[in-house]
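S.K.: Build me a structure from this.
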Amino acid sequence: ERYAHQNRNQMDRHHRTALRIADTSYFSFGIRSKADVTMDGLGSQLLSIKDLSTNILSSFFENIIQSKSKGFVAAPQVLKHQTVSLIFLEPSTRTRVSFEIAAQKLGGQTVLIQKEGTSLEKGESILDTFQTLHAMGSNYFVYRASDSSIHEVAKHFGNKIVLINAGDGVNEHPTQALID
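M.R.: Residues are numbered from 1 along each chain as shown. Down below sits the predicted model:
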């Protein structure tokens, strides 16, 4: 039971961190206060805007409004000593740079993976790429692709990683939906 409690606390921390990355990524006015947004029921994956409950969305926007009214706030270093893998298999400037800056403001280091110049170009599967990066210590992933392969990755890893959909072709782009 002690292990289950520790694991639950770790997952809660991952949930809050995932939302911090997502909400920080598009809001240039700064990072909200240390007040946490609980992502009950979401797990550590943000694949679709449909995954977000009304309570999560309300808390999210309430925190954004509060942060904006308070001005710039120093970012909580929730990603200190963590690696955030940015896997962008299709071109993106705003989304990629937004997540990169957000992760760095939260104390994380980023690794950018694009198709060109990696083993993906030689035919390595996306799952192999994720497994390699995870084995190297990355537990946070922002993934953008032209297809819906993010669902395969999500199913394979479950709650072992934090996974944010940064756009999967014409299907979903939940962080963009949040700012729209």
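S.K.: Now the element after the worst-scoring helix or strand of the chain on mean pLDDT, going C-ward?
M.R.: Within the chain, no helix or strand scores below helix 2-25, which has a mean of 52 by mean pLDDT, DSSP states H and E. Later in the chain than helix 2-25, the nearest helix or strand by DSSP states H and E is strand 45-46.
S.K.: That following strand - what's its average pLDDT?
M.R.: The pLDDT scores in strand 45-46 average 86.
S.K.: Indicate each strand paired with it and its parallel or antiparallel sense.
M.R.: In the sheet, strand 45-46 lines up against strand 162-168 (parallel) (DSSP bridges).
S.K.: Can you pull out the low-pLDDT segments for the chain?
M.R.: 1-43, 71-73, 180 (pLDDT under 70).
S.K.: If we use 90, what do you get?
M.R.: Applying pLDDT under 90 to the chain picks out residues 1-79, 91-95, 98, 101-102, 105-107, 115, 117, 148, 158-159, 167-180.
S.K.: any idea where the helices of it begin and end?
M.R.: Taking DSSP state H as the criterion, the chain contains helices spanning 2-25, 54-70, 94-105, 126-135, 150-157, 174-179.
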